[in-house]
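A.B. asks: What follows is a predicted structure for the sequence shown.
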Amino acid sequence: MDLYCKRCGEPWEMDYVQHDMDILERVAFKKGEGCPCCKDKQICNLKIPCSECEHQQDNTCLLNKFKRPYRAEISAVLSDMLGDDIDGLAAEMEDAEYMLGSKFWE
């Protein structure tokens with residue numbers, strides 16, 4: 001079963017996160033600070049419209065930010081609810097993916 005990054009939504013095998021991921025990467029991953037895939041990327045603050053963002057100039061994003069995927073948001077909320085229960089988190093994410101369908105995740 002997979003755990004999803006709370007920033008970018010990238011799936012990571014649960015055993016890899018628990019046993020093979022570098023300790024600093026694992027701590028950052030669990031805190032929601034990102035995974036190796038999104039480490040140096042800036043994420044859009046979806047609560048602020050692009051027109052009001054301080055990093056916009058002539059309708060162009062100066063930071064080359066990316067939107068936070070829905071699966072990342074679900075992972076963050078479930079992680080807050082379940083705490084350190086990683087098995088439960090992986091199971092809930094698998095159930096959510098099955099129930100919502102693959103087109104909803106994109």
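C.D. replies: Received the coordinates, thanks.

A.B. asks: What helices and strands are in contact with the longest helix along the chain?
C.D. replies: With secondary structure taken from DSSP state H, the chain has its longest helix at helix 86-100. On a contact count with 3 or more C-beta pairs under 8 Å, 6 or more residues apart in numbering; DSSP states H and E, helix 86-100 meets strand 2-4, helix 14-15, helix 70-82. Heads up, the C-betas are built off the backbone N, CA and C, glycines and all.

A.B. asks: Would you point to the one among these that's packed deepest?
C.D. replies: A comparison of the helices and strands packed on helix 86-100 by mean neighbour count, using mean count of other C-beta atoms under 10 Å, puts strand 2-4 on top with a mean of 22.

A.B. asks: Note down every partner strand of it and its orientation.
C.D. replies: strand 11-13 (antiparallel) (DSSP bridges).

A.B. asks: ok, back up a step: as a markdown table, the helices and strands packed on helix 86-100 with distance to residue 90 and mean pLDDT would be great.
C.D. replies: Converted to a markdown table, the helices and strands packed on helix 86-100 look like this (distance: least, C-beta to C-beta, whole Å; pLDDT from 0 to 100):
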| stretch | distance to residue 90 | mean pLDDT |
| --- | --- | --- |
| strand 2-4 | 6 | 88 |
| helix 14-15 | 5 | 90 |
| helix 70-82 | 10 | 82 |
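
A.B. asks: and these as CSV, adding distance to residue 93?
C.D. replies: Output for the helices and strands packed on helix 86-100, formatted as CSV (distance: least, C-beta to C-beta, whole Å):
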stretch, distance to residue 93
strand 2-4, 6
helix 14-15, 10
helix 70-82, 6
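
A.B. asks: Ranking helices and strands of the chain by mean pLDDT, which lands last?
C.D. replies: helix 102-105 (a mean of 53; mean pLDDT, DSSP states H and E).
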